[in-house]
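K.L.:
sequence and computational prediction follow.
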Amino acid sequence: MRGRCVIAAVSVAAIIGGITAVARAADPAAAYSEITLARLRWGSDLGGSRRGGFSSAWNHDYPRAEQHLSLIIKDITFADIRTDASVIIKLDDPALFNYPIALMWEPGFWNLTDREAEAFRAYLLKGGFAIFEDFDGAEQWSVFESQMRRVLPEARLVKLEKSHPIFDSFFRIKDIDAILHPMSGLKPSYYGIFEGNDPSRRLMVVANFDNDVPEYWEWSGDGVFPFDTSNEAYKLGVNYIIYGTTH
């Protein structure tokens, strides 16, 4: 995988050795000293079974998407990042607070319990950063938006401008709109939720709508998608993780 999917711009001038220190400072007593990408496991009566074997929509692209993205981050930074993609955690598990970054796949089929909504609200308000991936179309957007209203009733989902720092937190991405949906070719949109609905404050949530960015990560070593587009998808993922660990 490394030979095929290493980012072309691997000679990066900025080396961020302090990221691990940031992660440790968040909770010095925590058992996890490295950056860990936690995948959110959730139930749903809206989408049913999506794939054979490992069941529901939340597991799409598992585990190769996280593994490949983590290996890229490990290769191009001094970040101490876990690369085994072994952390799968429920929204209402108190251990979620040990992980500053949480990723959710296919929120277009998401259906929260009241307990999950309350726990996820507390996680985001206390500093958690959530990345939503792999959903498209008006129906799936409606599901995602309605569930987020249950989590953060006063929050507004705002379309992110290309100039937002999250798109320039490590790599400078020339055109975020060029990372098209790998299956349908849809032009993506990027949405966020800010603390206090104030764009000058921390971004708590980022959502890649009309896209499936991790599909590029998962298949980057197999020649399924164009090399250049896979590189841009990796850059976007790296930017998200760097932003999440430094804000």
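P.N.:
Noted; the coordinates are in hand.

K.L.:
stretch 81-91: how far from the chain's middle?
P.N.:
Averaging C-alpha coordinates over stretch 81-91 and over its chain gives two centres that are 12 Å apart (C-alpha atoms, centre = their mean, to the nearest Å).

K.L.:
what's the span of that stretch, first residue to last?
P.N.:
Using C-alpha to C-alpha, to the nearest Å, the span of stretch 81-91 from its first residue to its last is 22 Å.

K.L.:
residues of that stretch that come out buried?
P.N.:
81-83, 85, 87, 89-91 (16 or more other C-beta atoms under 10 Å). (Glycine included, C-beta is placed from N, CA and C.)

K.L.:
could you give the mean pLDDT of that stretch?
P.N.:
Averaged across stretch 81-91, the pLDDT comes to 93.

K.L.:
for stretch 115-127, same thing?
P.N.:
Averaging the model's pLDDT scores along stretch 115-127 yields 97.

K.L.:
mind listing what's buried in it?
P.N.:
Of the residues in stretch 115-127, those buried by neighbour count under the rule 16+ other C-beta under 10 Å are 116-117, 119-121, 123-124.

K.L.:
ditto for stretch 57-68
P.N.:
Buried positions in stretch 57-68, judged by neighbour count with 16+ other C-beta under 10 Å: 57-62, 64-68.

K.L.:
pretty sure residue 134 contacts residue 110?
P.N.:
No. At 11.4 Å, residue 134 and residue 110 do not qualify as touching, with contact defined as C-beta atoms under 8 Å.
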